[in-house]
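**Q** I would like to see how this sequence folds:
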Amino acid sequence: MNKLMTLAVGMVLVLSLLSSCAGKEVIKEEDMPGGLRDRSWDAPKTIESKEILRFECEFSFRQIQEEGYTYAVFQAERENDYASFRMTGFGNGIEPLKLHVEAPLTTLDDLQALVDQHDLPRYNGIDKQVNGLPEQLGSLLRINYASGERVYAYDNSGGFMDYRAVNAIHDFFRELVGQSEDPVSP
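**A** Numbers count the residues shown, from 1 in each chain. You can find the predicted model right below:
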């Protein structure tokens, strides 16, 4: 009887040890809060095409902007016979600022001149994410061209773009919206 009892207790111990090991998964350091996932690659730093199909840029500001936002999203898209521009601002508990303007296709040429002036393709290939950070903190740049070329850069932990480029993009979209007689809030 003692042998049976010892054998039963031994089996229970072995099974409990095995069951506790079976359910554990190994968490990679980059998946933990604060872990860095860096998938940056050596992407082309020059773009031959000059015909923008889609432009998207997001970044946070160090200071509150005049309208009260601290994070903004700027989008432009080529349509059949016009260009669609959107500007959205978030932050400090304000209702999101959303503006939409339709402009001539030549306005995308002006945007491309800004891209060239500030050499935005040099950021192509940055792809970093720090887990656990709040939304609306970092930067994103995405430009798709008619040739199939593209620029993509992302870092959720801060800004990777030169402040002059950030200010130029912001001013470009604000001036475009300011020139419009009736910017639409979608």
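
**Q** ok, which stretches of this structure are strands?
**A** 36-38, 52-60, 71-78, 83-90, 97-103, 127-130, 139-145, 150-155 (DSSP state E).

**Q** Any chance you could list what contacts the third one?
**A** Contact with strand 71-78 is made by 51-61, 65, 83-91, 105, 107-108, 111, 136-137, 169-170, 173, as judged by Cβ atoms under 8 Å, 6 or more residues apart in numbering. Just so you know, the C-beta spots here come from the backbone N, C-alpha and C atoms, and that holds for glycine as well.

**Q** So in terms of bridging, what pairs with the spatially most central residue of the chain?
**A** Within the chain, one residue has its C-alpha closest to the average C-alpha position: by Cα atoms, centre = their mean, that is Leu140, at 3.5 Å. In this structure, Leu140 has beta-bridge partners Glu58, Tyr154, where bridges are defined by DSSP bridges.

**Q** wait, isn't it in contact with Glu58?
**A** Yes: applying Cβ atoms under 8 Å as the test, Leu140 and Glu58 come out as touching, 4.3 Å apart.
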